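Engineer: sequence first, predicted coordinates after that:
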Amino acid sequence: MDARDRPPRVVIAEDDDDMRTVMCELISGLGVEVDAAASGGELVRLLTDDRPIDLIVTDVRMPWMTGYNVALSARNSGLSVPIIIVTAFPDEALAAQVERLGSAVLLAKPFRPEELLSLVRERLPAARAEA
């Protein structure tokens, strides 16, 4: 299937069940396909399946492997999609690490739903994400 013939696919990784549910509901409202992971291990599995990914949204602190480490591994393996890294503990060191990932942004918790949606819209292919 040609990339223009499918909805954008967003992969969301968040170990807090309630937060993951809210993020999935918000982002799926944009008319995109959403797959969710509850741990770094599940995120790795989603990133290594054969389906294309257009955006990754991941929490930093998760079981098995941090969201940042999964994102770094994805970059090192050639995956260049945009990444939104979410954390309740933002600091300058993490912000610098995220910046070095390229095409990545840090979002501090708690955030307003509009903040997340705005970042998602900005990073998805414009012609394929609903406004």
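Structural biologist: Great, that's in hand. The shown structure was predicted, so the numbers you read here are calculated from the model rather than taken from an experiment. Residues are numbered from 1 along each chain as shown.

Engineer: all the helices of the protein, in order from the start?
Structural biologist: Applying DSSP state H to the chain gives helices spanning 17-28, 40-47, 67-76, 92-101, 113-123.

Engineer: same question for the first one: list its buried residues.
Structural biologist: The reference is to helix 17-28. Met19, Arg20, Met23, Cys24, Leu26, Ile27 (16 or more other C-beta atoms under 10 Å). Any C-beta I mention is one placed from the backbone N, CA and C, and that applies to glycine too.

Engineer: between it and helix 113-123, how big is the angle?
Structural biologist: 50 degrees (axes from the mean of the first three to the mean of the last three C-alpha atoms, to 10 degrees).

Engineer: got the buried residues for the worst-scoring helix or strand of the chain on mean pLDDT?
Structural biologist: Every helix and strand of the chain was ranked by mean pLDDT, DSSP states H and E. The lowest is helix 67-76, at a mean of 89. Using 16+ other C-beta under 10 Å as the test for burial, helix 67-76 gives Gly67, Tyr68, Asn69, Val70, Ala71, Leu72, Ala74, Arg75.
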